[in-house]
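>>> this one's structure only:
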């Protein structure tokens, strides 16, 4: 549950990303889904200097097409994570 809140914070808040950027350690996250999302979020943040917000959906579909994401992982993101962001 806490990992979900962390990921949602990273997706939705640029200020949150700024505050934890220097102390971020992915090893503290145990969920494979959360780790994958965190990678995408930090990749986006480092490029644009802001949280992805609604762009996370575009990132997800782009990654889904270009990389191999397990069906289970893709379903979890699509059914559980993305809808909770609206």
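Received the coordinates, thanks. These figures come from a predicted structure and were not determined experimentally.

>>> Please make it C-alpha for all contacts and neighbour counts, starting now.
Will do.

>>> Quick check: which element contains the spatially most central residue of the chain?
Centrality entry for the chain: nearest residue to the mean C-alpha point is residue 37, 2.9 Å, by Cα atoms, centre = their mean. When secondary structure is defined by DSSP states H and E, residue 37 falls within helix 32-48.

>>> gap between residue 29 and residue 61?
Between residue 29 and residue 61 the distance is 23 Å, computed by Cα to Cα, to the nearest Å.

>>> one step back: pLDDT averaged over the helix holding residue 37, what's the number?
Looking at helix 32-48 alone, the average pLDDT works out to 95.

>>> Just the buried positions in that helix, please.
Within helix 32-48, the residues that qualify as buried are 33-35, 37-38, 40-42, 44-45, counting by 16 or more other Cα atoms under 10 Å.

>>> Tell me which two in the residues you listed are the farthest apart.
With Cα to Cα as the measure, no two of the buried residues of helix 32-48 lie farther apart than 33 and 45, at 18.1 Å.

>>> circling back to that earlier point, following the helix holding residue 37, which helix or strand shows up next?
On the C-terminal side of helix 32-48, the nearest following helix or strand under DSSP H and E is helix 55-66.

>>> Contacts for stretch 23-32 next, please.
By Cα atoms under 8 Å, 6 or more residues apart in numbering, the list of residues contacting stretch 23-32 from outside reads 3, 35, 38.
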